[in-house]
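J.: sequence unknown, structure follows:
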């Protein structure tokens, strides 16, 4: 078989569009695509709050947020700064409420550890046991009194 024949067969296979009518009606069971949500960054949150709480138009709210971000004066830049502080306070409070049980358990554990360490000097040793034994200066297989004496 020549190379031209192989290439011809490949071209024929690529250009072959003979498909039965039923083949085009089948579709795999795929999960539905995820819902596309708008990207929520800080600016979008502030814009949404300005629209909801201060009845600004989307264009006015966006201009106010951009002006506050750049530190430029604007008609509603002070509202954007106030809303940013409010968002920060709400976030801090929700974090505080979420971490309060965890921090309480950690504090309880530290109290227990502190209580256990308070009794540690008592557990180290007995004061009325006398002097501790001298450290061994010989290997364990040698007797502590030295080699046996020679008889005369």
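T.: Thanks, I have it. What you see is a predicted model; the values in this text were computed from it and never measured. Numbers count the residues shown, from 1 in each chain.
J.: Find me the pLDDT at residue 142, would you?
T.: Residue 142 carries a pLDDT value of 71.
J.: What is the neighbour count of it?
T.: The number of residues packed around residue 142, counting by other C-beta atoms under 10 Å, is 11. C-beta: built from backbone N, CA, C; applies to glycine.
J.: and it, what are its phi and psi?
T.: Geometry field for residue 142 lists phi and psi as phi -90, psi 140, criterion degrees, to the nearest 10.
J.: Could you point out the longest helix of the chain?
T.: In the chain, ranked by residue count with DSSP state H as the criterion, the top helix is helix 77-118.
J.: any idea how far residue 58 is from residue 76?
T.: With distances defined as C-beta to C-beta, to the nearest Å, the gap from residue 76 to residue 58 amounts to 12 Å.
J.: do the same with residue 64
T.: Residue 64 sits 11 Å away from residue 58, taking C-beta to C-beta as the criterion.
J.: Run a quick neighbour tally on residue 98.
T.: Residue 98 has 9 neighbouring residues, counting by other C-beta under 10 Å.
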